[in-house]
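Q: test case, fold it:
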Amino acid sequence: MRSDDAKAPLLLKIAAIGGLAFLHLPILLIFAYAFTTEERSFQWPPPGFTLKWLGATWERPDVWQALGLSLQVAVMATAMALVLGTLAAAAVSRSRFFGRETVSLLVILPIALPGIVTGIALRSAYGLADIPFSTLTIVVGHATFCIVTVYNNALARFRRLSGSMIEASMDLGADGFQTFCHVVLPQIGTALLAGALLAFALSFDEVIVTTFTAGQQQTLPIWMLEELIRPRERPVTNVVAMVVVLVTFLPILGAYYLTREGGETAGAGK
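A: Numbering: from 1, shown residues only. Here you go, the predicted model:
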């Protein structure tokens, strides 16, 4: 028993390292091939190191157009998700009504469905309603699953919010808006920011919903898919992929620290 107990932590560490390597080594390979001197092959190790593909990517107008559309869609989808997700979380957490759990399930459901299902459904709905494909249709498609991240974060923080603080604010003469600004918002602010960061990251690298709602417009992931099918300069595609990884990693990292600090603060308050 003692030998098994001694080996268990080591085996667990090996398994954890193996799982992390399986997940992240392909991403590191993309980073490596973004600086290779060879344009067409993927031989290992890369034959050389160069920074010229960074300059080539910088000079590609199609990359900037795709990047601009991705950022525009991500910001708009995040804003929409922030408003709707917060309102839904407030209604579910602070009110009691028939079908409350069903409403919560329906809000969460889009992120559980494959993106291709959501994309086909939205495309059919836009067609039936004679809505032309545009940036707005992409935003609505992305907001359907971005709402979930804001909703989950806001709901968890709303449930930890003391109702006596709201009642005390109202007793002291504050109206609903003042109570929200001075009592509720400071308590849920970090959760909303974390949810917004996650929503931005999800929207920025989404492919399927964008494909089925964008028409001729290209976000950055769609541009990458087309470049992989008809490659012009493969290292440029790797540079763009590296940018996508970094842009999505930073908000996720920020959301992690915000939710961790929020949890520690709540724990300290208890």
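Q: could you use CA atoms for every contact and neighbour count after this?
A: Fine.
Q: for Pro132, which non-adjacent residue is spatially closest?
A: Nearest non-adjacent residue to Pro132, counting by Cα to Cα, 6 or more residues apart in numbering: Tyr126, 7.1 Å away.
Q: touching, the one you found and Ile138? I think so.
A: No: the pair Tyr126 and Ile138 fails to qualify as a contact (Cα atoms under 8 Å) at a distance of 11.1 Å.
Q: pick out whichever of those two has more residues nearby.
A: With neighbours defined as other Cα atoms under 10 Å, Tyr126 and Ile138 compare such that Ile138 has more, 28 against 15.
Q: please report how far Gly195 lies from Thr179.
A: Noted for Gly195: a distance of 22 Å to Thr179, by Cα to Cα, to the nearest Å.
Q: quick one, which of the two is more surrounded?
A: Neighbour count, other Cα under 10 Å: between Gly195 and Thr179, Gly195 has more, with 31 against 18.
Q: which neighbouring elements make contact with the strand or helix carrying that one?
A: Secondary structure assigned from DSSP states H and E places Gly195 in helix 185-204. Helix 185-204 is packed against helix 61-94, helix 135-160, helix 234-269, with contacts defined by 3 or more Cα pairs under 8 Å, 6 or more residues apart in numbering; DSSP states H and E.
Q: looking at the ones you listed, which one has the lowest mean pLDDT?
A: Here the helices and strands packed on helix 185-204 differ in mean pLDDT, and the lowest is helix 234-269 at a mean of 70.
Q: quick one: that helix to chain centroid distance?
A: With Cα atoms, centre = their mean, to the nearest Å as the basis, helix 234-269 stands 9 Å off its chain's centre.
Q: please renumber so the chain begins at 52
A: Right, with 52 as the first residue, what we last looked at is helix 285-320.
Q: so which elements touch that helix?
A: helix 53-84, helix 103-109, helix 236-255, helix 271-280.
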